[in-house]
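Participant: Here is my input, please return the structure:
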Amino acid sequence: MVSITFNAEKREKAGKGAARACRREGRIPAVIYGGKQESVMISLHPVELEKALDTAGFYNADIEVVLDGKKIKVACQDVQFHPVSDAPLHVDFLRK
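Facilitator: As a prediction, the model looks like this:
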């Protein structure tokens, strides 16, 4: 099974405007939810995400998100892509 690690930064604001602002900064907005805990909004480096998306079995991979020095084990629930350029727009992660 493939093992992937992302170094993430926490986002403060939620919503469409905040996600667009995140993309203008050159990052990909994402969210971690589930596990009977509060959702955490994060942003990912686009090169890390593109590399991970190119690996076979990304949706079945063991993914670890490093956020503020703390490791969170997640699974990729959904990736939203731009309809024309196929660039990733947003990622949903589910806690394991």
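Participant: any idea where the helices of the protein begin and end?
Facilitator: Ranges of helices within the chain are 16-24, 46-54, based on DSSP state H.
Participant: Tell me which residues of the first one come out buried.
Facilitator: Neighbour counts over helix 16-24 (16 or more other Cβ atoms under 10 Å) mark 19, 22-23 as buried. Backbone N, C-alpha and C define where each C-beta goes, glycine included.
Participant: closest to Val31 out of the helices of the chain?
Facilitator: Smallest distance to Val31 across these (Cβ to Cβ): 9.7 Å, for helix 16-24.
Participant: Now do the closest one: which elements does it pack against?
Facilitator: strand 28-33 (3 or more Cβ pairs under 8 Å, 6 or more residues apart in numbering; DSSP states H and E).
Participant: buried sites along the strand it packs on?
Facilitator: Using 16+ other Cβ under 10 Å as the test for burial, strand 28-33 gives 28-32.
Participant: which one of those is nearest Leu49?
Facilitator: Set against Leu49, the nearest of those by Cβ to Cβ is Ile28 (5.4 Å).
Participant: which residues does the residue nearest to that closest one when sequence neighbours are not counted contact?
Facilitator: Using Cβ to Cβ, 6 or more residues apart in numbering and skipping the chain neighbours, the partner closest in space to Ile28 is Leu44 (4.7 Å). Going by Cβ atoms under 8 Å, 6 or more residues apart in numbering, Leu44 touches 6, 8, 27-28, 30, 91.
Participant: now do 10 Å
Facilitator: 6-9, 22, 27-30, 50, 52, 65, 88, 90-91, 93 (Cβ atoms under 10 Å, 6 or more residues apart in numbering).
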